[in-house]
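# Got a predicted structure here, sequence first:
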Amino acid sequence: MGFSMFYTYILHSQSADRFYTGYTSYTPQNRLHLHNQGSTPSTKSGIPWEIQFCKSFDTKTEAIKFENFIKRQKSKVFIQKLIDSDENEYRE
């Protein structure tokens with residue numbers, strides 16, 4: 001059985017000026033592609049989206065916990081600090 005990673009990611013839509021936080025077992029780039037195809041109702045209106053943050057986890061539970069932690073902050077300032085932090089594994 002192959003080892004799979006889980007990711008918590010943050011997308012940004014310039015056109016809608018908003019962030020979207022989610023988790024996935026796909027690579028963040030593959031998940032971004034699905035968002036930008038319009039296959040996710042909650043992000044359809046913000047296309048195109050760009051990845052701003054990504055953090056990998058060994059378990060789905062950890063990824064979901066971190067996603068929920070970010071969402072509970074309800075803060076663009078917090079999200080921006082996370083994007084600028086060393087925790088961000090996403091590099092263009």
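Noted; the coordinates are in hand. Numbers count the residues shown, from 1 in each chain.
# From now on I want contacts and neighbour counts done on CA atoms only, so please keep to that.
OK.
# Which residue comes closest to residue 5 once chain neighbours are left out?
Distance criterion Cα to Cα, 6 or more residues apart in numbering; nearest residue to residue 5, sequence neighbours excluded, is residue 58 at 5.4 Å.
# The one you found - how many residues pack around it?
12 (other Cα atoms under 10 Å).
# and if you look at residue 45?
Residues lying near residue 45 (other Cα under 10 Å) number 14.
# Go over the secondary structure and confirm it is in a helix.
Yes. Applying DSSP: H, G, I helix; E, B strand; the rest coil, one finds residue 45 inside a helix.
# any idea how far stretch 53-71 is from the chain center?
Offset of stretch 53-71 from its chain centre (Cα atoms, centre = their mean, to the nearest Å): 9 Å.
# what comes up buried for it?
Residues 53, 54, 55, 56, 57, 60, 62, 63, 64, 66, 67, 70 are the ones in stretch 53-71 that count as buried (16 or more other Cα atoms under 10 Å).
# residues making contact with stretch 32-48?
11, 13, 14, 15, 16, 18, 20, 49, 50, 51 (Cα atoms under 8 Å, 6 or more residues apart in numbering).
# go again using 10 Å as the cut-off
Here stretch 32-48 makes contact (Cα atoms under 10 Å, 6 or more residues apart in numbering) with 9-20, 26, 28-29, 31, 49-51.
# can you pull the buried residues of that stretch?
If you call a residue buried by 16+ other Cα under 10 Å, then stretch 32-48 has these buried ones: 32, 35, 36, 43, 46, 47, 48.
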